[in-house]
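1. Quick one, structure for this:
(one chain, ligands or ions: 2)
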Amino acid sequence: MKNIAVLTSGGDSPGMNACIRAVVRYGISQGLNVYGVKRGYSGLIENDMELMTTRSVGNIIQTGGTILKTARCNEFKTEEGLSKALKNLREREIEGLVVIGGDGSFRGAEKLIQNGILCACVPGTIDNNLFYTDYTLGFDTATNTVVNMINNVRDTSMSHDRVSIIETMGAGCGDLALNAGLASGADVIIVPEVNFSVEEICKKLINARNHHKEFSIIVLSEHIIEASELARQITEHCGLECRWLILGHVQRGGSPTAFDRNLGTNFGARAVEELLKNNCGVVGYRDGKYIYVTIEEALNGTRKFNEDEYRLAQKLSF
Ligand code: ADP
Ligand code: F6P
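-> Numbers count the residues shown, from 1 in each chain. Ligands and ions are numbered 1, 2, ... in the order given. This next block holds a predicted model:
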């Protein structure tokens with residue numbers, strides 16, 4: 001193998017740049033030419049890629065976002081889009097590709113593998129929604145961002161004796177809300193994996209007031225109920241004054257934590273190592289070890305929600 005490429009695809013996540021840096025520098029150290037593809041699968045279709053050097057990944061380990069840019073590219077899902085991408089890869093004699101992205105991006109890589117391109121994927125998403133790995137790249141940074149935001153909200157919530165609802169991202173996975181909620185001492189954590197009722201929440205909030213806790217923090221994972229509607233229902237049901245905040249894309253940016261930088265670095269180097277051994281698959285981190293499994297294995301399972309931590313958070317919040 002002489003030529004490989006790297007791309008970032010789907011929603012960006014902090015640590016992607018550390019991973020790109022590792023892919024490029026590890027690849028060059030092994031005698032490979034490494035191309036950087038722009039805007040995910042769009043760059044493959046449009047032949048928008050350039051040869052990277054050790055210098056083109058200098059001074060990025062500490063930065064959020066992705067220097068390669070990212071995209072959601074519907075054309076790649078079509079036969080025509082796939083053919084264009086394959087033609088461009090073949091013309092440049094690129095045999096291996098590192099794909100940094102979420103489960104959708106892994107599905108894209110599967111199509112390339114079926115057509116003879118070796119792919120090694122890296123789980124890059126703040127959602128932590130992949131079952132085969134304990135951590136995805138960016139989840140730790142996003143958790144810390146949410147915790148810092150909650151710290152600020154907590155101050156004003158306390159001053160005004162209010163209920164504050166903070167909505168996090170998560171795309172159907174409650175890990176971000178749970179992890180940040182536990183670290184913030186939230187009174188209520190609402191996640192897609194567990195049913196909730198406004199009556200039960202109000203009971204809890206009133207009980208807290210009866211124990212001289214004058215303000216409350218609710219962490220709400222996205223796509224369950226509108227934060228504004230939850231605030232309205234709580235006030236209607238028990239009369240408490242509520243404010244709500246949708247954190248949004250602030251969670252996707254920012255300088256990656258040391259944990260995410262090191263995760264991205266190890267993921268990137270491992271992905272190149274596996275390509276050199278002609279192994280297709282996805283890197284992950286499970287039970288304290290870096291692992292490499294097939295895409296099929298990575299996608300055929302449902303992430304187990306950490307019910308113990310959820311119950312612990314509930315027990316400690318009164
Ligand atoms: P993520 O990778 O973060 O889950 P998406 O689900 O948006 O994000 O997927 C990223 C990109 O991966 C899509 O825009 C598309 O280019 C590609 N992709 C997703 N699913 C498929 C599929 N079934 N076949 C081919 N490409 C896909
Ligand atoms: O998958 C990452 C994610 O940030 C989700 O948490 C969120 O639902 C979605 O992407 C937001 O996507 P967009 O960047 O298109 O607004």
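2. show me the residues around the residue in the stretch 101-250 of the chain positioned nearest to ligand 2 that make contact.
-> Here the stretch 101-250 of the chain gets closest to ligand 2 at one residue, residue 169, 3.2 Å apart by Cβ to the nearest ligand atom. Bear in mind the C-beta positions are built from the backbone N, C-alpha and C, glycine included. By Cβ atoms under 8 Å, 6 or more residues apart in numbering, the contact set of residue 169 is 126-127, 142, 176, 222, 247-248, 251-252.
3. so which of these are also by ligand 2?
-> Contacts with ligand 2 within these, counted by Cβ under 6 Å from any ligand atom: 126-127, 222, 252.
4. Same list, the residues you listed, but as a markdown table with pLDDT, secondary structure and distance to ligand 1 please.
-> Formatted as a markdown table, those follow (pLDDT from 0 to 100; DSSP: H, G, I helix; E, B strand; the rest coil; distance: Cβ to the nearest ligand atom, whole Å):
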| residue | pLDDT | secondary structure | distance to ligand 1 |
| --- | --- | --- | --- |
| 126 | 98 | coil | 10 |
| 127 | 98 | coil | 8 |
| 222 | 98 | coil | 15 |
| 252 | 98 | helix | 11 |
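5. From those residues, pick the one nearest residue 44.
-> Among those, residue 252 lies closest to residue 44 (Cβ to Cβ), at 23.0 Å.
6. Any idea how many residues pack against the closest one?
-> 20 (other Cβ atoms under 10 Å).
7. Equivalent analysis for residue 304, please.
-> Residues near residue 304, counting by other Cβ under 10 Å, number 8.
8. check contacts around it.
-> Contacts of residue 304 (Cβ under 8 Å, 6+ apart): residue 131.
9. how does it look with 6 Å?
-> For residue 304, no contacting residues are found, by Cβ atoms under 6 Å, 6 or more residues apart in numbering.
10. hang on, the earlier thing: from the contacts of residue 169, which would you call buried?
-> 126-127, 142, 176, 222, 247, 251-252 (16 or more other Cβ atoms under 10 Å).
11. So which residues of this structure form helices?
-> 16-29, 41-45, 79-91, 103-114, 139-160, 175-183, 198-210, 227-238, 258-276, 295-299, 307-316 (DSSP state H).
12. which one of these lies closest to residue 97?
-> Per Cβ to Cβ, nearest to residue 97 of the helices of the chain: helix 103-114, 6.4 Å.
13. Just the CA trace of that closest one, in PDB.
-> What follows is helix 103-114, C-alpha atoms only, in PDB (Å, rounded to 0.1, in the frame of the first residue of the first chain):
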ATOM      1  CA  ASP A 103     -22.800   5.300  12.300                       C
ATOM      2  CA  GLY A 104     -24.000   6.900   9.000                       C
ATOM      3  CA  SER A 105     -20.400   7.400   7.900                       C
ATOM      4  CA  PHE A 106     -19.700   3.800   8.800                       C
ATOM      5  CA  ARG A 107     -22.500   2.700   6.400                       C
ATOM      6  CA  GLY A 108     -20.900   4.800   3.700                       C
ATOM      7  CA  ALA A 109     -17.600   3.100   4.300                       C
ATOM      8  CA  GLU A 110     -19.300  -0.300   4.000                       C
ATOM      9  CA  LYS A 111     -20.200   0.600   0.400                       C
ATOM     10  CA  LEU A 112     -16.600   1.400  -0.400                       C
ATOM     11  CA  ILE A 113     -15.300  -1.800   1.100                       C
ATOM     12  CA  GLN A 114     -17.800  -3.800  -1.000                       C
END
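14. how far out from the middle of the chain is that helix?
-> Going by Cα atoms, centre = their mean, to the nearest Å, the spacing between the C-alpha centre of helix 103-114 and its chain's C-alpha centre is 18 Å.
15. got the contact list for the nearest residue to residue 72 once chain neighbours are set aside?
-> In space, and not counting its chain neighbours, residue 72 is closest to residue 10: 6.4 Å by Cβ to Cβ, 6 or more residues apart in numbering. For residue 10, the contacting residues are 101-102, 104-105, by Cβ under 6 Å, 6+ apart.
16. just residue 215 next, same as before
-> Counting by Cβ under 6 Å, 6+ apart, residue 215 touches 157-158, 161-162.
17. could you redo the last one with a cut-off of 8 Å?
-> Residue 215 neighbours (Cβ under 8 Å, 6+ apart): 154, 157-158, 160-164.
18. residues from the stretch 51-200 of the chain in reach of ligand 2?
-> For the stretch 51-200 of the chain, the residues in contact with ligand 2 (Cβ under 6 Å from any ligand atom) are 102, 125-127, 169-171.
19. want to try JSON lines for these, with distance to residue 226 as columns?
-> Output for those, formatted as JSON lines (distance: Cβ to Cβ, whole Å):
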{"residue": "102", "distance to residue 226": "24"}
{"residue": "125", "distance to residue 226": "23"}
{"residue": "126", "distance to residue 226": "21"}
{"residue": "127", "distance to residue 226": "20"}
{"residue": "169", "distance to residue 226": "15"}
{"residue": "170", "distance to residue 226": "15"}
{"residue": "171", "distance to residue 226": "17"}
